[in-house]
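Student: Based on what follows, work out the 3D shape:
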Amino acid sequence: MKKTGVFLLIIVLISLSCTRSKPEITYGFLQLVLYQGETGVNEQFSFFIIPNDGDGINNLDKLYLYHDREQLRWQINSDEWISYEDDGRTWIGTRSISVAEGNLPRGVYRAVLFNKGGESTERNFTFDGNINYPFPELTISEGNYTINSTWPVNRLICYDSAGNYVTDILVENLTGRVSNFNFPSTVLTAALWADDEANFTSAYTNVVPVN
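Tutor: Residues are numbered from 1 along each chain as shown. The predicted structure is shown next:
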């Protein structure tokens with residue numbers, strides 16, 4: 001009896017140690033970003049979720065995004081996704097959801113999150129955001145800047161000589177002297193980021209020299 005009791009205890013302990021924790025998708029979003037291309041404006045999605053796993057974020061393995069109607073699938077592995085902290089919460093995802101030709105389909109997208117134990121969870125996201133504003137323009141010449149934009153929010157995203165992000169500046173006046181921005185000395189180029197937060201839609205121009 002004693003040996004049987006010990007055997008049963010070992011089985012219970014092994015069972016508890018092998019318990020798998022199913023991951024969760026607490027929240028997420030799709031944001032449409034318009035980029036300047038050689039032949040016109042291109043579309044990409046930024047796709048991020050707040051994940052949860054009882055064994056920790058490091059136990060997460062793969063994140064998939066599907067558009068079932070159009071039979072599209074994107075796979076984001078744990079060594080590829082972007083991870084950042086905001087207000088004590090960890091976000092994971094990518095800024096590179098795109099299609100080879102044409103625009104991204106609207107409607108229902110399905111996210112599936114796997115952990116390293118093979119457990120998974122899924123959640124649907126709907127994107128029907130409209131593009132309500134023409135693509136913006138940024139021009140800098142002879143110390144003056146001109147922004148042609150009707151978007152609700154406009155920012156300059158500033159970079160150094162190596163293309164590294166330095167700072168961003170909220171634009172209040174659409175024309176003026178570049179010197180009014182008081183760029184850090186390391187800033188050599190800038191692009192315009194226009195935002196329509198209500199519709200999860202943004203636009204990003206090509207970079208231009210600030211001098």
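
Student: Quick check, central residue of this structure?
Tutor: Ser46 (3.5 Å; CA atoms, centre = their mean).

Student: contacting residues around the nearest residue to Ile131 once chain neighbours are set aside?
Tutor: Closest residue to Ile131 in three dimensions, ignoring its sequence neighbours and counting by CB to CB, 6 or more residues apart in numbering: Thr201, at 5.9 Å. For the C-beta atoms, the positions are set from N, CA and C on the backbone; glycine is no exception. Under the criterion of CB atoms under 8 Å, 6 or more residues apart in numbering, the neighbours of Thr201 are Gln31, Leu32, Val33, Leu34, Gly129, Asn130, Ile131, Asn132, Asp195.

Student: Run through the bridge partners of Thr201.
Tutor: With DSSP bridges as the criterion, Thr201 is bridged to Leu32, Asp196.

Student: ok, so what distance separates it from Glu172?
Tutor: 21 Å (CB to CB, to the nearest Å).

Student: Likewise for Thr90?
Tutor: Noted for Thr90: a distance of 33 Å to Glu172, by CB to CB.

Student: Those two - which one has more neighbours?
Tutor: Of the pair Thr90 and Glu172, Thr90 is the one with more neighbours under other CB atoms under 10 Å, namely 14 against 8.

Student: Leu60 is in contact with the more buried one, correct?
Tutor: No: counting by CB atoms under 8 Å, Thr90 stays clear of Leu60, with 9.9 Å between them.

Student: if I look at those two, which residues touch both of them?
Tutor: Pro51.

Student: domain ranges for the protein?
Tutor: Listed by automatic domain parsing, the domain ranges of the chain are 24-127, 137-209.

Student: Worst mean pLDDT among the ones you listed?
Tutor: Least confidently modelled of the domains of the chain is domain 24-127, at a mean of 93 by mean pLDDT.

Student: Could you tell me the end-to-end distance of that one?
Tutor: 21 Å (CA to CA, to the nearest Å).
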